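Q: Okay, structure incoming, though there's no sequence with it:
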């Protein structure tokens, strides 16, 4: 596709449920990033992949958060046993290589945990 | 640590007014600096960037100059339009970094006709 796509666009989960959020980066983009954006705040870095390798996961807030990119293309962010504080917009971005070049962002998945 | 601070919003202006949104940063080394914009209902889009001191980024009438001496990257536009109404984010990427961006909290701009 022409841009980064994410699905679902909206997700409502009951507290304690597991959720999986999908990101399809721009074709051929090597680097993929996940960010979390709380209401009224700027995005905060969660994790980074170069191809299938997860090179930085320093931003994941707890061990309930897990991300993978097994074939170096599509990525999934999984949140286990969701809590209300996990409610946020989850953004995915990709770049061709990962230097100071433009990061192209997807539309985000808005997660609401009740 | 590395951080970005933006002026608080919302900023409300009349059409054709001059815009300044302040952004200052704290970082080690020589970061690259960015302005992203988020229009209502849309995803983040890169507006402009500068990768070294004294560089000026510009796009769509917006400008920002990388000022290392004041650690600033203020966004300016000479004459705003209603269509510029959006949330603006200042961000940095540290040199030699994996590429992750550190964002400010965002500034909402409302332009009235």
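A: Received it, and whenever you're ready, just let me know what you need. Bear in mind the structure is a predicted one, so any value in this text is a computation, not a measurement.

Q: What parts of chain A come near chain B?
A: Contact residues, chain A versus chain B (C-beta under 8 Å from any C-beta of the partner chain): A:4, A:31, A:33, A:35, A:40-45, A:48, A:50, A:55-56, A:59, A:91, A:93, A:95, A:98-100, A:102-108. (Each C-beta comes from the backbone N, C-alpha and C, glycine too.)

Q: Contacts only, for the residue of chain B found nearest chain A.
A: Per C-beta to the nearest C-beta, residue B:103 is where chain B lies closest to chain A, at 3.3 Å. For residue B:103, the contacting residues are A:42-44, B:4, B:36, B:89-91, by C-beta atoms under 8 Å, 6 or more residues apart in numbering or on different chains.

Q: who are the neighbours in contact with the spatially most central residue of chain A?
A: Closest residue to the average C-alpha location of chain A: residue A:34 at 3.5 Å, with C-alpha atoms, centre = their mean. By C-beta under 8 Å, 6+ apart, the residues touching residue A:34 are A:23, A:45-48, A:67, A:75, A:77, A:90-92.

Q: Make CSV out of the residues you listed and add secondary structure.
A: Converted to CSV, these look like this (DSSP: H, G, I helix; E, B strand; the rest coil):
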residue, secondary structure
A:23, strand
A:45, strand
A:46, strand
A:47, strand
A:48, strand
A:67, strand
A:75, strand
A:77, strand
A:90, strand
A:91, strand
A:92, strand
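
Q: now, among these, which is nearest to residue A:112?
A: residue A:90 (11.6 Å; C-beta to C-beta).

Q: hey, what's that closest one bridged with?
A: Beta-bridge partners recorded for residue A:90 (DSSP bridges): residue A:36, residue A:109.
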